[in-house]
Structure formats: C-alpha cells, structure tokens
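Chemist: Here is my input; please provide its structure:
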Amino acid sequence: MKKNVAIAMGGYSSEYRISINSGNVVYKNLDREKYNPYRVHILQKEWFVIGENDTPYPINRSNFTVTIDGKLITFDCVFNTIHGTPGENGLLQAYLELLDIPQTSCDFYQSALTFNKRDLISVLKPYGIKTAVNYFLNKGDEVEPDEIVEKVGLPCFVKANKAGSSFGITKVKKKEDIIRATKFAFKEDDEVIIESFLDGTEVSVGVIMYKGEITALPVTEIVSENEFFDYEAKYLGKSQEITPARISEEQTQRVQEIAKLIYKKLKMKGFSRSEFIFHNGEPHFIEMNTNPGLSEASILPQQAAAAGISLEELFGNAIEAATRS
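Modeler: Numbering: from 1, shown residues only. The predicted model follows:
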C-alpha cells in the first residue's frame with residue numbers, strides 16, 4: 001500500500017523560498033509507485049496542501065490532516081524540508097511527535113540544539129571538536145568593540161546565532177564596523193555569535209542514516225568568489241562546489257570521522273551537513289545544518305550523486321528510515 005507523504009516546505013524565516021525549492025525537488029523525485037506525495041506549505045499565516053491546478057486546501061492543525069474533494073487525507077510520514085523556523089528549530093518535530101506522525105529529520109531536541117550555534121559549540125567542546133574563538137551577545141547587551149577584538153581578533157565574522165543560508169552575517173575587518181554588523185545580525189535573531197577568522201580550505205560533509213548505518217558522503221570543497229560563502233555564493237552561482245574536495249585522503253577521512261562522531265554523539269537522525277575549515281591543517285567545526293538544501297544546486301544532493309545515490313533513492317531511504325523507527 002502506498003504511503004501518504006506530506007512534503008513540508010516554506011517556513012517562517014527568510015529562507016522560505018529556498019525551502020520551497022527543496023520541497024519541490026523532493027516532490028518531483030519521489031517514487032510514485034511507493035508514495036503519494038503532497039506539497040504542504042507551512043507559512044506564518046496559513047498551512048495548506050497544494051492540489052491540482054495549484055488549488056490550496058487548508059491543513060487541520062489539530063491533527064495534521066487535510067480534506068480534498070470531500071476525502072479526508074491522513075499522512076504516514078512528513079518529509080521535512082523547512083529551513084529555519086519551525087522546521088529546523090524543533091517546533092514542527094515536537095508538534096508531529098505529539099501527533100505520533102513520523103518525520104524525516106532529527107528529533108526536536110537535536111533540531112533545537114543544532115539550530116543554536118552557540119549552544120551546539122558548547123555541547124561539542126567536551127568531545128575535543130575544534131572551533132573558532134567565539135564571543136556571544138544577546139539583544140540589549142552593550143556592544144564593546146575593544147573587548148570583542150581582544151577576544152576574537154580581526155577580521156572576524158558577526159552572525160545571527162539562529163539563522164541559516166548566511167542571512168545576517170558580516171565579515172568585519174575594522175573595529176569601527178562591529179556595531180553596524182551586530183545591528184544587521186540582530187535583524188535576523190535576538191542572539192549574535194562573533195567568530196575569529198579561520199584561514200584555510202572550507203569543506204562541507206554530509207552525513208546521513210543510510211540503510212541503517214551512519215554514512216559520511218563524499219566531501220565537498222567550497223570556493224567562494226565572494227569573501228565568504230554568503231547567500232550569493234550559495235544560491236546565485238558565486239562559488240565553486242568541488243566534489244570530491246581537493247584535500248588529501250588523510251584529511252578526507254579525518255573530517256568524515258569528525259562529522260560522523262558529531263552525528264553519533266548528538267543521536268542524530270535523517271540528513272545533516274556539517275561545515276568545517278581546515279585551519280593550520282586541522283578541521284575546525286563551523287556549524288551543522290539538519291535540514292540542508294535539497295534543490296538541484298544544493299550540496300547534499302551533489303554529494304549523494306558522487307556516492308552513486310540517486311535522489312529517488314536518497315529521499316525514499318529517508319522516508320523508510322523515519323517510518324521504521
């Protein structure tokens with residue numbers, strides 16, 4: 001019997017258009033002999049299924065069902081492609097867990113933790129994971145440029161703590177630009193993380209639960225035409241994404257091992273993509289995305305292809321893993 005799969009896309013953040021692109025790729029590539037896919041737009045003001053002729057049908061939020069042409073549709077699984085809130089910070093996962101509906105991403109605690117760069121770094125430090133030097137701010141804190149520069153140096157990166165796709169990030173080269181950069185970051189979030197500059201090769205490592213095993217995908221090297229891997233570089237073609245990365249076999253194995261260790265220690269599920277910079281020859285962890293982009297231009301699908309895994313297989317495996325657990 002075919003499984004009804006709700007492909008959740010959209011979200012409440014600046015990333016909603018990227019999420020819709022990811023969701024549509026999943027919709028296009030699911031095996032119709034195994035699944036009945038439904039495009040579910042989860043937006044700030046309304047949740048609805050996109051039916052034939054782009055007709056919207058409202059979701060009943062009390063039980064996550066939809067009625068289409070007089071027929072009640074229940075879902076066997078939710079394929080979570082939402083970047084940002086509520087799909088990547090634990091809210092949707094907790095809601096679906098209460099309804100006992102399986103979903104393809106990690107559980108709500110892991111989602112909330114990994115979405116918060118500051119808290120994730122704190123949890124990983126006891127495992128010996130190297131990171132940049134960090135300085136943290138909450139909205140309303142007094143910004144002390146001298147103190148910040150003394151701690152992290154220049155240049156440095158000022159980022160929104162809980163945001164993705166490089167929204168709210170600035171590379172700061174002069175002390176007098178720090179306050180402006182923090183104001184920009186606070187437009188995206190009420191917490192800011194300021195990181196020391198790490199000079200070296202940037203790589204991305206996808207880790208998935210594949211056929212019951214924690215599997216690291218081929219490593220991607222990121223070469224941005226801009227000063228860092230910003231929104232333009234990620235989505236508007238201003239970067240090279242080279243898979244496999246032009247690093248040694250030893251470096252490849254090392255960064256894959258660290259990415260798998262993080263996945264295991266955090267008790268992750270589903271897809272993840274962790275970013276690292278080889279600084280002074282050692283991989284330094286930057287962040288983890290638990291709902292990475294799945295559009296044709298996205299890194300994780302590129303890595304899966306390099307590993308010989310088709311999108312149909314990648315997405316189907318995620319559904320089967322979610323409905324087995």
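Chemist: quick one: the helices in the stretch 51-200 of the chain?
Modeler: Secondary structure of the stretch 51-200 of the chain (DSSP state H, counting those that start in this stretch): helices at 91-98, 108-115, 117-124, 145-152, 178-186.
Chemist: Next, the distance between the ends of stretch 140-156.
Modeler: Chord length of stretch 140-156, first to last residue, is 21 Å (Cα to Cα, to the nearest Å).
Chemist: Identify all contacting residues around it.
Modeler: 132-135, 137, 171-176, 178-179, 182, 194-197 (Cβ atoms under 8 Å, 6 or more residues apart in numbering). Glycine gets a C-beta too; all of them are placed from N, C-alpha and C.
Chemist: And this protein, split by domain according to the record?
Modeler: As given by automatic domain parsing, the domain ranges for the chain are 3-105, 113-130+199-324, 134-196.
Chemist: now the ones you listed as a markdown table including mean neighbour count?
Modeler: Shown next, in a markdown table, are those (neighbours: other Cβ atoms under 10 Å):
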| stretch | mean neighbour count |
| --- | --- |
| domain 3-105 | 19 |
| domain 113-130+199-324 | 19 |
| domain 134-196 | 18 |
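Chemist: can I get those in a markdown table with mean pLDDT?
Modeler: Compiled in a markdown table, the domains of the chain are given as follows (pLDDT from 0 to 100):
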| stretch | mean pLDDT |
| --- | --- |
| domain 3-105 | 96 |
| domain 113-130+199-324 | 91 |
| domain 134-196 | 92 |
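Chemist: how far away is the nearest residue to His41 once chain neighbours are set aside from Ser272?
Modeler: Excluding the flanking residues, the one nearest His41 by Cβ to Cβ, 6 or more residues apart in numbering is Gly10, at 4.6 Å. Distance of Gly10 to Ser272, computed by Cβ to Cβ, to the nearest Å: 21 Å.
Chemist: Ser298: what's it in contact with?
Modeler: Ser22, Pro292.
Chemist: Got phi/psi on it?
Modeler: Phi and psi for Ser298, reported as degrees, to the nearest 10, are phi -80, psi 160.
Chemist: Check Thr220 too.
Modeler: Per degrees, to the nearest 10, the backbone of Thr220 is at phi -110, psi 130.
Chemist: Touching, it and Glu241? I think so.
Modeler: Yes: in this structure, Thr220 is within contact of Glu241 by Cβ atoms under 8 Å, at 5.3 Å.
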